[in-house]
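Colleague: What follows is a predicted structure for the sequence shown.
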Amino acid sequence: MHDQDIFDVTIIGGGPAGMYAAFYAGMREMKVKLIEGKHQLGGFLHTYSDKTIWDVGGLPPMKCAKLIDWLVQQAGTFEPGFVFNQTVDTFSRLNNGVIVLQTETGELHYTRSVIIAIGRGVAEVQKLDINTAHDYERSNLHYTVQNLERFAGKKVLISGGGNSAVDWALELAERASSVTVVHRQDSFRAMEYNVSQMKSKVDVRVPCHIEGLYGNGERIHQVGIVNSSTGETTRLEVDEVIVSHGYTSHVSNLAGCGLELHEGMIGMNQLAETNVPGIFTAGDCATREGKVRLIAGAFNDAVVAVNSAKMYLEPSAAGMAYVSSHNELFREKNRALEHEQT
């Protein structure tokens, strides 16, 4: 191991928190590596890449895929090292304090600090608990939506009560011939404004759940739904069925390497510090009092984690980076942008 192989900070996870941490650590003139378990950056955002995102501060509504593109571009601003298709399983510490990260392939990565930003970890979709559901997964039973136009002019049934179910209902209300939403509970676990909009635009049936799928060949043609309060059963004609029952997350083995967990998430304090010195965390994998579970919250976590890592390495360092309008690192980049615009 040579000194050039040791990074100031290694970020584990390439979702919003990890990508923004890579950018911000560059602003702090840290030598940065980011390790992502899949072949691309974006993390869990890819599961709803065709959805419209409204709640990122200062940005107009846009498709999530576009937001991913911009975050990827920003993450590469200071040319960090990127490692793909590797999952960090364990870590240890050398006598000189250097942290050694080991992936499932046996490869070793050396770093002076770590930011864990693994999001929801290994997320497994919660599938419809009906024996015949698997038979239709290749045709018209969907657990995510990648192409909205597929549903244009169709009779669509959506099962679920979270933000994704409500968002899909709103997206498809303008495209599908009809949209019906069924949910087991009377209330929805989604933004109040969106729920109100959904109820005004689509057929909402609560408290109801799917009791059967009725097909003709490889496709579902009818869905049986039952009202949990009355026991009344109804069959609805459908062209497409979307099941949005959420995900079961399994935080990677890394979380168990001496890190304190709270309800399956990594505990952190207000400075994004874990119970292990030199290990910080950010994004959906982390929890603390007042934690904000939005993309904007992930960005804030990333900034706090990077600043804490910087001060862990250099106690005399400033508490945060200069804002970009005053940061000398952007002087040449600003000139390049001005040249492109002329």
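Modeller: That came through, no problem.

Colleague: Would you mind giving me the confidence score for Gly224?
Modeller: The score at Gly224 is 97. That number is its pLDDT.

Colleague: That one belongs to a strand?
Modeller: Yes: under DSSP: H, G, I helix; E, B strand; the rest coil, Gly224 falls within a strand.

Colleague: Confirm for me that it is in contact with Val238.
Modeller: No: checked against CB atoms under 8 Å, the pair Gly224 and Val238 is beyond contact range at 10.6 Å. (Glycine included, C-beta is placed from N, CA and C.)

Colleague: quick one, which of those two is more surrounded?
Modeller: Val238 (21 against 15; other CB atoms under 10 Å).

Colleague: Chain neighbours aside, what residue packs nearest to that one?
Modeller: Leu157 (4.8 Å; CB to CB, 6 or more residues apart in numbering).

Colleague: Could you chop the protein up by domain?
Modeller: The chain breaks down into these domains under automatic domain parsing: 3-123+248-341, 127-245.

Colleague: in the stretch 101-250 of the chain, which spans are helices?
Modeller: 163-173, 192-201 (DSSP state H, counting those that start in this stretch).

Colleague: Which among those is found nearest to Asn307?
Modeller: helix 163-173 (29.8 Å; CB to CB).

Colleague: residues in contact with the closest one?
Modeller: The contact list for helix 163-173 (CB atoms under 8 Å, 6 or more residues apart in numbering) reads 48, 50-52, 145, 148, 151, 156, 158-159, 179, 181, 183, 188-191, 194-195, 197-198, 201-202, 242, 244, 246.

Colleague: Where does the prediction get shaky in the chain?
Modeller: For the chain, applying pLDDT under 70 flags the ranges 1-4, 121-123, 248-256, 342.

Colleague: What's the local residue count around Asp186?
Modeller: Residues near Asp186, counting by other CB under 10 Å: 10.

Colleague: Next, find the distance separating it from Val72.
Modeller: Per CB to CB, to the nearest Å, Asp186 is found 41 Å from Val72.

Colleague: Gly162 too?
Modeller: Gly162 is 26 Å from Val72, by CB to CB.

Colleague: Just give the closest residue to Gln102, not the sequence neighbours.
Modeller: Nearest to Gln102 is Thr90, by CB to CB, 6+ apart, at 5.0 Å.

Colleague: Surely the one you found is within a strand?
Modeller: Yes: if the criterion is three-state DSSP, then Thr90 is within a strand.

Colleague: So for the most centrally placed residue in the chain, what's the nearest residue that isn't a sequence neighbour?
Modeller: The centroid of the chain falls nearest to Phe44 when counting by CA atoms, centre = their mean (3.4 Å). Sequence neighbours aside, Gly119 is the residue nearest to Phe44 in space, at 5.1 Å (criterion: CB to CB, 6+ apart).

Colleague: residues touching the one you found, list them.
Modeller: Here Gly119 is in contact with 13, 15, 17-18, 43-44, 283-285 (criterion: CB under 8 Å, 6+ apart).
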